[in-house]
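Colleague: my questions are about this predicted structure, shown below with the sequence.
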Amino acid sequence: MAGHVLLETARDALFLANISVERLPFVTIAIALLALAILRGPRDHANRRVLLALQLAAAIGTLGFWSLSLTSLAWIFYALYVWSGIITSLVVVRFWLLLGDLFTITEGKRVFATIAMGGSVGALVGSGIATLLAPGLGAPGLLVASSAMFATSALGPLLSLGRSADPKRAPGGRDAEGEPGLGASLATLLQEPYAGRVALLMVLGSLTLTLGDYLFKSVLVEEVAAGDLASWLSRIYLALNVFSIAMLALGVTPLVRWLGVDRSLAVLPGLVGIAALGVSVGMGAALAATIFLKLADGTLRYSLHRTASELLYLPMSSALRSSVKGVIDIAGQTGAKALASFLILGLVLLPDPRTAVAVAVTVSATVWLGWALLLRRSYLNVFRQTLREGTIETAIEHPELDLDSVGSLIRALSDRNERRAIAAMHILAERGHVSLIPSLILYHPAPRVVVEALDTFALSRRDDVDDMLGHLLDHEDANVRAAAVRATWVLDPDPGRLRSLRSSHCAVVRVSAFAGLLALGETEARTYKRVLEEALAYEGYEARLTAATAARLRYHEINREALLRLAADEVEEVAQEAIRAIRASDDPWFTRKLVGLLDDRRIRDVVRSALIDRGAEAMAVLAERLVDPSTPIGVLRHIPRTVARFGTVEAARMLIDSLPRVDGGMVRFKLLRGLEMLLLGRGQPRDAEVRLAGQVDTAGIRAEFDRTLERSIALLQLAAEFSKAQRKRPERATVVGKLLVDLLEDKVELALGRLFMMLGLLHPREDFRVILAGLESEDETERASAIELIETLLEVDVGSAIIGLAAPESAEKRLQLVDPELEVSDEYGAMVQSLLTDDSHSVRAVALYHVGEV
């Protein structure tokens with residue numbers, strides 16, 4: 001990139017000093033068309049030799065242009081301009097294609113950002129060198145410096161040629177044949193309004209910035225002497241590279257959060273439009289205005305504006321993003337440049353071309369700015385569409401609710417589809433906007449919506465709906481009547497009204513009335529307990545649901561046993577409401593009971609939330625039950641993930657301390673999955689992601705790794721010994737004898753998976769899942785890469801053992817790879833007897849049966 005910046009600086013200085021700036025559009029069109037051809041061209045054979053050849057060609061060709069530039073022939077400057085655009089595109093494209101061949105997707109995510117930042121630093125270095133050399137050597141001297149930079153960069157692929165052959169595996173990304181064609185992508189843009197509007201925004205941006213670049217160069221030629229162009233350009237490019245890196249490092253994230261997506265997209269067109277307006281009004285500061293334009297472009301285009309532009313793709317589905325993003329980038333970067341160049345050719349024919357181009361930039365920037373602001377409506381339409389479908393895609397970070405989005409939610413409250421109305425109500429309640437829910441929602445035709453609204457108003461203590469509760473007490477739906485009673489004793493306590501409802505013919509109303517009187521201290525607990533037992537025995541589930549909801553709104557200890565019974569109710573809605581009531585109660589009596597409910601899949605998530613709310617008290621109970629042999633396996637297997645949901649260092653320590661104390665590989669696997677959640681952030685909700693890697697002492701994990709590795713080698717040795725012994729004496733190879741060998745090898749495979757999980761925890765910067773997949777791959781190149789990584793990252797003995805355990809060979813050959821000094825015993829009877837005390841229940845059972853056979 002340093003060579004590119006030096007070449008670009010020299011190119012601009014020589015062209016503008018010797019050729020009319022009005023000729024610039026022709027070479028811009030040529031570069032745009034050739035760049036488009038490069039982007040659509042084949043992407044095979046991106047190897048070191050091709051990159052080396054291109055870098056050497058860039059060095060030699062640029063040096064040749066230095067020699068030719070001394071003759072001052074006009075065609076040389078045209079050729080230099082086209083050469084710089086094409087050779088840079090070829091080198092950069094080939095470089096990234098080579099990286100795509102060398103790295104997997106996971107590796108690319110880890111290193112590409114660093115490489116990209118290296119490119120920015122390289123551009124900064126090139127600008128600095130140009131600033132130092134331009135005053136003394138002039139533009140031709142910068143060509144020599146550029147040639148030297150290209151030649152130096154060629155040393156990388158040159159020195160690595162002999163180290164390894166070019167990769168034979170496909171790039172980590174999607175195969176080319178799986179990518180949609182250009183025609184299909186264009187058709188998608190026409191069919192998807194939002195994607196089409198995003199594409200138009202990109203085209204307007206590229207069009208405006210190309211016009212602005214021409215305006216900058218034309219004013220520079222008029223205002224600066226030809227001999228000083230190189231110095232001016234080098235200083236300007238240095239400044240914009242410094243500002244761009246500073247913006248990337250410091251300013252992008254807070255600005256996007258503060259401005260939002262739409263206003264962030266409007267910053268660059270706004271500044272460009274202001275600068276162009278300064279040129280068009282002719283206030284005598286045209287040079288300063290165009291320099292400001294260029295600095296705004298260079299500082300914001302690849303920092304703030306790029307970040308905000310990428311956020312526009314987030315509401316799209318994955319399939320839509322994959323289909324349109326490539327064609328949008330092509331249209332925005334190349335097609336728009338050609339269009340701008342044709343426009344410039346027409347503008348320069350006018351009497352005052354500078355003013356004409358400045359006005360064109362101003363108009364284009366204004367349209368770009370307006371379109372950026374208008375795009376928010378389309379963005380919100382995607383949000384509304386998601387709402388209409390009844391779900392919100394939580395993997396996408398939507399902007400904070402503003403007037404437009406709140407308005408769409410309020411309109412959804414009146415939707416006759418109860419799912420949409422309830423979803424909108426939940427969003428407003430979760431965001432703290434219950435006051436914006438209109439009280440008229442209590443007249444909604446769907447009873448479920450009215451019940452949800454009444455309970456929401458009651459929980460938020462909203463008292464402006466008191467006058468509307470009376471008519472709901474006579475509603476035709478029993479659940480609405482019960483909800484109205486609950487809201488009455490929460491929002492407008494009236495013991496007299498509640499007493500009058502005790503004799504109602506409706507069981508759900510009676511339960512709600514007695515619950516209200518109990519909450520207000522107007523009835524005895526034993527009386528309510530009798531009514532509660534009556535409700536639990538009622539034929540319909542509505543009475544049980546009402547009892548659970550009443551307990552959630554106003555809890556009393558009399559509800560303890562009833563809520564436990566309701567938590568096991570056959571109706572899932574009742575069971576979940578009972579757990580929500582337990583969660584709201586904060587009664588410590590329930591803590592141990594909650595742990596025992598983890599085996600019920602229907603209520604597990606709510607139970608976990610209730611346990612997390614109880615903090616250290618629940619953590620202590622979970623730690624005790626995790627290592628208690630009497631804990632049912634159905635409960636035990638779900639404790640580690642529950643602990644991980646606490647998201648604290650203490651939770652991680654507890655899981656690590658439990659590793660040597662639990663019984664069975666399955667429970668250890670669950671423990672490791674929980675640790676992956678806590679330390680590496682895997683499997684967590686996006687809005688609650690926690691990564692504690694580096695904050696927890698992993699010595700316990702390393703100790704468990706060593707124990708598991710030792711156990712795996714012992715199991716492999718037994719499998720090898722049994723295989724050899726059965727081969728020597730076929731009568732030992734009974735069905736159960738063979739089953740025993742298969743069981744031992746299966747145990748080794750399961751242990752290997754746990755070993756790699758622990759390696760991932762011990763080396764959080766490495767993705768050992770990818771390494772394991774490569775190690776088990778049938779592709780020799782992938783397997784060789786995985787082996788090299790393991791040997792580099794791990795101690796020699798550990799690496800050899802891991803590679804041997806995973807080798808696609810027989811147990812005997814794998815044992816030799818693990819440790820050539822390990823010997824295979826011939827004492828078959830002793831080997832079988834040793835398995836009778838094995839840690840595994842299944843191994844002991846099969847071995848016991850095989851003892852009787854042999």
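Modeller: Sure thing, it's come through.

Colleague: what mean pLDDT does stretch 472-489 have?
Modeller: Average pLDDT, stretch 472-489: 78.

Colleague: off-centre distance for that stretch?
Modeller: With Cα atoms, centre = their mean, to the nearest Å as the basis, stretch 472-489 stands 44 Å off its chain's centre.

Colleague: touching, S146 and Q55? I think so.
Modeller: No: contact criterion Cβ atoms under 8 Å: S146 and Q55 do not qualify, at 11.9 Å. C-beta here means a position set from N, CA and C on the backbone, and glycine is covered the same way.

Colleague: of these two, which one has the most company?
Modeller: Neighbours per residue, other Cβ atoms under 10 Å: of S146 and Q55, the larger number sits with S146, 30 against 26.

Colleague: average pLDDT across the helix or strand containing that one?
Modeller: Element membership of S146 [criterion: DSSP states H and E] is helix 105-153. Averaged over helix 105-153, pLDDT sits at 63.

Colleague: F216 contacts L293, doesn't it?
Modeller: Yes: contact criterion Cβ under 8 Å: F216 and L293 qualify, at 5.9 Å.

Colleague: so L564 makes contact with R592?
Modeller: No: L564 lies out of contact with R592 (Cβ under 8 Å); the separation is 11.2 Å.

Colleague: neighbour count: the two, which is higher?
Modeller: Neighbour count, other Cβ under 10 Å: between L564 and R592, L564 has more, with 17 against 14.

Colleague: which SS state does the closest residue to the more buried one other than its chain neighbours fall under?
Modeller: Closest residue to L564 apart from its sequence neighbours, by Cβ to Cβ, 6 or more residues apart in numbering: K593 at 6.0 Å. The three-state label given to K593 by DSSP: H, G, I helix; E, B strand; the rest coil is helix.

Colleague: repeat that for D569.
Modeller: D569 ends up coil, using three-state DSSP.

Colleague: mind listing what R653 touches?
Modeller: For R653, the contact set (Cβ atoms under 8 Å, 6 or more residues apart in numbering) comprises 696-697.

Colleague: got the domain boundaries for the protein?
Modeller: Split into domains by automatic domain parsing, the chain comes to 1-165, 586-697, 699-853.

Colleague: adding distance to R448, write these out as TSV.
Modeller: Below are the domains of the chain laid out as TSV (distance: least, Cβ to Cβ, whole Å):
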stretch	distance to R448
domain 1-165	44
domain 586-697	19
domain 699-853	43
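
Colleague: hmm, back to that, quick one: the residue nearest to L564 from A421, how far?
Modeller: As judged by Cβ to Cβ, to the nearest Å, K593 and A421 stand 35 Å apart.

Colleague: and if you look at V357?
Modeller: Shown here: V357 relative to A421, a distance of 54 Å by Cβ to Cβ.

Colleague: more crowded one of these two?
Modeller: V357 (25 against 22).

Colleague: could you check which helix or strand contains that one?
Modeller: Going by DSSP H and E, V357 is part of helix 353-388.

Colleague: after that helix, next one along is what?
Modeller: Taking DSSP H and E, what comes next after helix 353-388 is helix 403-413.

Colleague: check the offset of that following helix from the chain's centre.
Modeller: 27 Å.

Colleague: next secondary structure after it?
Modeller: On the C-terminal side of helix 403-413, the closest following helix or strand by DSSP H and E is helix 418-430.

Colleague: and the angle from that following helix to helix 403-413?
Modeller: Calculated by axes from the mean of the first three to the mean of the last three Cα atoms, to 10 degrees, helix 418-430 forms an angle of 140 degrees with helix 403-413.

Colleague: which elements pack onto helix 418-430?
Modeller: helix 353-388, helix 403-413, helix 447-459 (3 or more Cβ pairs under 8 Å, 6 or more residues apart in numbering; DSSP states H and E).

Colleague: from V770, how far off is L759?
Modeller: 12 Å.

Colleague: pLDDT below threshold where in the stretch 401-550 of the chain?
Modeller: The stretch 401-550 of the chain contains residues with pLDDT under 70 at 401-404, 491-492, 494, 496-497, 500-503, 505, 518-525.

Colleague: cool, the stretch 551-700 of the chain as well?
Modeller: By pLDDT under 70, the low-scoring segments of the stretch 551-700 of the chain are 683-690.

Colleague: got the residue ranges for the helices in the stretch 651-800 of the chain?
Modeller: Assigned by DSSP state H, counting those that start in this stretch, the helices in the stretch 651-800 of the chain fall at 665-675, 699-728, 735-762, 768-775, 780-793, 796-806.

Colleague: what about the residue nearest to R354 when sequence neighbours are not counted, which SS state?
Modeller: Closest residue in space to R354, ignoring its immediate chain neighbours: S218 at 6.1 Å, by Cβ to Cβ, 6+ apart. Classification of S218 using three-state DSSP returns helix.

Colleague: residue contacts, the closest residue in space to T631 that isn't next to it in sequence?
Modeller: Among residues not flanking T631 along the chain, R625 sits closest, at 4.8 Å (Cβ to Cβ, 6+ apart). Residues in contact with R625 (Cβ under 8 Å, 6+ apart) are 595, 631, 635-636, 639.

Colleague: how far away is R625 from E534?
Modeller: 35 Å.

Colleague: test my guess that T210 contacts V357.
Modeller: No: distance between T210 and V357: 10.9 Å, which falls outside the contact criterion (Cβ under 8 Å).

Colleague: separation between V221 and Y214?
Modeller: 11 Å.

Colleague: these two: which is more packed in?
Modeller: Y214 (25 against 20).

Colleague: how about A693, what does it touch?
Modeller: Counted by Cβ under 8 Å, 6+ apart, A693 has contacts 679-680, 761, 764.

Colleague: quick revisit: now neighbour count too, for the contacts of R625, in TSV please.
Modeller: Formatted as TSV, the contacts of R625 follow (neighbours: other Cβ atoms under 10 Å):
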residue	neighbour count
V595	23
T631	19
V635	18
L636	24
I639	26
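
Colleague: just those: which are in helices?
Modeller: Of these, the ones assigned to helices by DSSP state H are 595, 635-636, 639.

Colleague: wouldn't L716 be in contact with L817 here?
Modeller: No: L716 lies out of contact with L817 (Cβ under 8 Å); the separation is 9.9 Å.

Colleague: show me which of the two is the more surrounded one.
Modeller: Using other Cβ under 10 Å as the criterion, L716 and L817 rank with L716 on top: 27 against 16.

Colleague: now the more buried one, nearest residue through space, not along the chain?
Modeller: Here the residue nearest L716, using Cβ to Cβ, 6+ apart, is V748, at 5.1 Å.

Colleague: for the one you found, the count of nearby residues, please.
Modeller: 22.

Colleague: tell me how far it lies from A562.
Modeller: V748 is 50 Å from A562, by Cβ to Cβ.

Colleague: next one: A568
Modeller: 11 Å.

Colleague: who has more neighbours, these two?
Modeller: A562 (20 against 13).
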